Structure formats: structure tokens, C-alpha cells
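> fold the stuff below for me.
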Amino acid sequence: MIDLSTPDTLLYDSAVLSSYIRKNTKESFGYIFFDNIDYITKLYNDNRMRDVTYKNILDTILCGSVYLGFDTYECPDCGFETTIPHTCKSRFCSKCAAKSAKQRS
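From the prediction side, this is the model:
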């Protein structure tokens, strides 16, 4: 399992994706992509998928993890720190696409 608090491995390394364990078992595109990452990678390696599509799928899988970057905020009074991971902002991601659609309407 990957320690998500220290992103010291390559972002799109297949070993990273194969050992990344999602916390919830909801059915969403991110989970469906994660369950089929071997097949998706095979399609990409056989040049049957565009680079941008493959990148969006990987970003969707890693959405909300520190592998896509994060911001750390510290309270000036008590010194409490909190880390907010970045989202993928992809249309493939059900969470990010819904937020984007709501902002556009």
C-alpha cells in the first residue's frame, strides 16, 4: 500500500497505481477505471488510446490524493496545520465534473 502522505514515487508509475487502494467502494468512474487499470494501460500501450485520454483517466483515479499536489495551511494563532489535496478537474471524474457543471449553470 502507498503512504499518501509522502509522494516520493513517480506519479504515473504502474506500480503506484496497482498498489493505490481507494478508501471507499462507491461506484464511480474513478473506481471503475481503477478496477480496470491493467486493460486501460494495455489499450494505451497498443496505441489505441490518446495520450490526453490516458492522462485524464489516471488523474481521475488519483483525484483527491497528494499525488496531484496539495496546499498546507497553518493557523497563525495555534499552529494547527491542515493539508488539502488537489482534485483532478477532469470531466471523467464524477465529483469534479459535477462541480464544473454546477459552476457553469
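> tell me the spacing between the residue lying farthest from the centre of the chain and residue 83.
The outermost residue of the chain, judged by C-alpha distance from the chain's mean C-alpha position using Cα atoms, centre = their mean, is residue 77 at 32.7 Å. Shown here: residue 77 relative to residue 83, a distance of 18 Å by Cβ to Cβ, to the nearest Å. Placement of C-beta: from N, CA and C, glycine included.
> so which residue is smack in the middle of this structure?
Within the chain, the residue whose C-alpha comes closest to the C-alpha centroid is residue 62; the distance, by Cα atoms, centre = their mean, is 1.5 Å.
> that one contacts residue 88, doesn't it?
Yes - applying Cβ atoms under 8 Å as the test, residue 62 and residue 88 come out as touching, 6.9 Å apart.
> give me the common contacts of those two.
Common neighbours of residue 62 and residue 88, using Cβ atoms under 8 Å, 6 or more residues apart in numbering, are residue 68.
> for the residue farthest from the centre of the chain, what are phi and psi?
Backbone geometry at residue 77, expressed as degrees, to the nearest 10, gives phi -90, psi -50.
> can you tell me the closest non-neighbouring residue to the residue nearest to the centre of the chain?
In space, and not counting its chain neighbours, residue 62 is closest to residue 68: 5.6 Å by Cβ to Cβ, 6 or more residues apart in numbering.
> burial check on the one you found, number of neighbours?
Here the number of neighbours of residue 68 (other Cβ atoms under 10 Å) works out to 17.
> how much space separates it from residue 79?
For residue 68, the distance to residue 79 under the criterion Cβ to Cβ works out to 26 Å.
> next, count neighbours for the residue nearest to residue 70 when sequence neighbours are not counted.
In space, residue 70 comes closest to residue 85 once its chain neighbours are excluded; the distance is 4.7 Å by Cβ to Cβ, 6+ apart. By the other Cβ under 10 Å criterion, the neighbourhood of residue 85 contains 16 residues.
> ok, now which ones touch the nearest residue to residue 63 once chain neighbours are set aside?
Closest residue to residue 63 apart from its sequence neighbours, by Cβ to Cβ, 6+ apart: residue 88 at 4.0 Å. Neighbouring residues of residue 88 by Cβ under 8 Å, 6+ apart: 56, 59-60, 62-64, 68, 96.
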